[in-house]
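1. sharing a model prediction with you, sequence too.
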Amino acid sequence: MDIATRYLGLHLKSPIVASSSGLTDSVKKVKTLEECGVGAVVLKSIFEEEILFEHEDIMKEAEAAGVNLDQFDYLDFQLRGEKLNKYIELIKESKAATSLPIIASINCAYSHEWISFAEQIQGAGADAIELNMFFLPSDFSRSGQEQETMYFKIIEKLLSTVSIPIALKISYYFSNLGQMIQRLSKTGVSGLVLFNRFFSPDIDIDKLTIKSSFVLSSPEELAISLRWIAIMANKVDCDLAASTGAHDGAAVIKQLLAGAKAVQVASTLYKHGTEYIRDMHDTLNAWMEKHGYNSLADFRGKMSQEKASNPAAYERVQFMKYFN
Ligand SMILES: Cc1cc2nc3c(=O)[nH]c(=O)nc-3n(C[C@H](O)[C@H](O)[C@H](O)COP(=O)(O)O)c2cc1C
């Protein structure tokens with residue numbers, strides 16, 4: 001079976017992509033992922049805060065050492081950014097040690113001051129950049145429009161800085177999600193990843209402390225991403241990658257049927273080990289054989305809202321019949 005796909009203009013041997021996580025933070029792990037047949041790897045994110053806080057530390061250190069800050073130019077800052085340097089090394093080494101497409105990941109929290117670092121990431125040989133951008137809509141003084149404008153500003157700046165493909169990993173916290181996805185797809189980004197899954201707080205009722213809720217996703221969480229991949233397939237100007245809740249080969253098939261170009265996985269690899277990618281491929285291959293499909297193009301998007309025999313099902317939100 002030919003399970004190759006094109007995502008972000010890159011050739012992927014498989015549609016299964018290792019999501020950005022602790023499973024993609026070293027060359028050794030990236031090599032293992034390649035051995036298990038993954039199509040591409042999104043490296044563990046470098047966080048905007050890490051870059052900027054390090055900048056602040058370096059400036060304070062320099063000031064304390066009596067360095068004339070006017071002379072302490074941008075280049076020093078760039079050369080001394082240890083976290084960034086390590087990240088650059090990870091990209092270079094992953095590229096040298098594998099033939100996989102390597103997608104670097106930047107986690108962006110609130111500004112665009114770090115964007116110049118994207119040039120270094122590009123220079124290190126990353127095939128693409130995935131921008132993980134999320135501002136929790138908890139600032140009551142900021143309107144929805146102001147909130148959304150920040151996304152477009154950052155994307156515009158990034159696109160004018162680098163020439164490698166950019167993917168945007170987003171959440172579903174937008175007032176008009178479909179329109180926002182469509183508008184984002186027209187900015188010049190090469191792909192949208194639907195959706196990110198966030199750290200969520202939980203309360204320890206004995207210790208009265210705030211703890212982390214489930215770190216890993218469950219298979220039921222596939223539904224949100226599946227619905228929106230299906231609704232948006234063929235209605236956007238870029239590739240769509242599915243993320244969250246894809247735990248087995250069947251989930252990968254569903255997302256491809258919905259219209260995804262690639263399916264990102266993290267939790268299932270944490271649960272079952274990296275080798276589980278082989279199992280997912282076996283399921284995909286066996287299913288394609290059973291249905292007489294030779295390549296992903298034979299069935300991709302066949303169950304998208306546009307092509308499905310019952311498109312309204314993707315927009316049904318109430319359980320009316322079940323209650324009756
Ligand atoms: C331990 C862990 C670390 C993660 N680190 C990152 C990260 O650095 N950057 C990022 O964009 N997503 C990160 N994620 C989110 C995953 O990339 C993915 O979007 C999320 O786990 C949902 O996919 P899944 O259901 O296949 O796990 C992390 C997830 C886990 C479980």
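-> Happy to help now that I have it. Numbers count the residues shown, from 1 in each chain.
2. lowest-pLDDT helix or strand in this structure?
-> helix 74-80 (a mean of 47; mean pLDDT, DSSP states H and E).
3. counting neighbours, which bits of the helix or strand following that helix end up buried?
-> Toward the C-terminus, helix 74-80 is succeeded by helix 82-97 as the next helix or strand (DSSP states H and E). Buried residues in helix 82-97, counted by 16 or more other CB atoms under 10 Å: 84, 87-88, 90-95. In short, each C-beta sits where N, CA and C put it, glycine included.
4. what's the closest of those residues to Asn132?
-> Using CB to CB, Tyr87 is the member of those that sits closest to Asn132, with 14.0 Å.
5. check what pLDDT that closest one gets.
-> Predicted confidence (pLDDT) for Tyr87: 92.
6. for it, what are its contacts?
-> Applying CB atoms under 8 Å, 6 or more residues apart in numbering, we find Tyr87 in contact with 43, 46, 104, 121.
7. assess the claim that the last one and Ile129 are in contact.
-> Put plainly, it is Ile121. Yes - using CB atoms under 8 Å, Ile121 is in contact with Ile129, at 6.1 Å.
8. more neighbours: which of these two?
-> Each of Ile121 and Ile129 has its neighbours counted (other CB atoms under 10 Å); Ile129 has more, 25 against 22.
9. make sure Gly245 is indeed in a strand.
-> No - Gly245 is assigned coil when assessed by DSSP: H, G, I helix; E, B strand; the rest coil, not a strand.
10. any common contacting residues for Ile121 and Ile129?
-> In contact with both Ile121 and Ile129: 104, 106, 162, using CB under 8 Å, 6+ apart.
11. the second one: which element?
-> With elements taken from DSSP H and E, the one containing Ile106 is strand 102-108.
12. got the angle between that strand and helix 82-97?
-> Here strand 102-108 points in a direction 160 degrees away from that of helix 82-97 (axes from the mean of the first three to the mean of the last three CA atoms, to 10 degrees).
13. and strand 102-108, how far from the chain's centre?
-> A distance of 8 Å separates the centroid of the chain from that of strand 102-108, by CA atoms, centre = their mean, to the nearest Å.
14. okay, who's weakest in the buried residues of helix 82-97 by pLDDT?
-> Out of the buried residues of helix 82-97, that is Leu84, at 83.
15. in what helix or strand does the residue most central in space within the chain lie?
-> Nearest to the geometric centre of the chain sits Lys169, at 4.3 Å (CA atoms, centre = their mean). Here Lys169 sits within strand 166-170, counting by DSSP H and E.
16. what about that strand, near the ligand?
-> Yes - residues of strand 166-170 are located near the ligand by CB under 6 Å from any ligand atom, namely Lys169.
17. output that strand as PDB - backbone C-alpha positions only.
-> In PDB, the C-alpha atoms belonging to strand 166-170 read as follows (Å, rounded to 0.1, in the frame of the first residue of the first chain):
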ATOM      1  CA  ILE A 166       4.700  27.400   8.600                       C
ATOM      2  CA  ALA A 167       2.000  25.300  10.300                       C
ATOM      3  CA  LEU A 168      -0.200  26.700  13.000                       C
ATOM      4  CA  LYS A 169      -1.300  24.500  15.800                       C
ATOM      5  CA  ILE A 170      -4.500  26.100  17.200                       C
END
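18. ok, that strand: who's next to it in the sheet?
-> strand 128-133 (parallel), strand 191-194 (parallel) (DSSP bridges).
19. and after that strand, which helix or strand comes next?
-> helix 177-185.
20. that following helix - contacts with which helices or strands?
-> helix 144-161, strand 166-170, strand 191-194, helix 222-232 (3 or more CB pairs under 8 Å, 6 or more residues apart in numbering; DSSP states H and E).
21. swap the cut-off to 7 Å and go again
-> Contacts defined by 3 or more CB pairs under 7 Å, 6 or more residues apart in numbering; DSSP states H and E place helix 177-185 against strand 191-194, helix 222-232.
22. can you give me the buried ones in that helix?
-> 177, 180-181, 183-185.
23. name the residues that touch that helix?
-> Outside of helix 177-185, the residues within contact range by CB atoms under 7 Å, 6 or more residues apart in numbering are 148, 151, 168, 174, 192, 228, 231-232, 235-238.
24. quick one, which of these are buried?
-> Judged by 16+ other CB under 10 Å, buried ones among the contacts of helix 177-185: 148, 151, 168, 174, 192, 228, 231-232, 236, 238.
25. got the helices and strands packed on helix 177-185 as TSV, with mean pLDDT and distance to His11 columns?
-> Listed next are the helices and strands packed on helix 177-185 as TSV, based on pLDDT from 0 to 100; distance: least, CB to CB, whole Å:
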stretch	mean pLDDT	distance to His11
strand 191-194	98	14
helix 222-232	97	21
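26. and those: which comes nearest Gln264?
-> That would be strand 191-194 among those, by CB to CB, at 6.5 Å.
27. I'd like the next helix or strand past the closest one.
-> By DSSP H and E, the next helix or strand past strand 191-194 is strand 201-204.
28. which one of the residues in the stretch 101-250 of the chain is closest to the ligand?
-> At 3.2 Å from the ligand, Ser217 is the closest residue in the stretch 101-250 of the chain, using CB to the nearest ligand atom.
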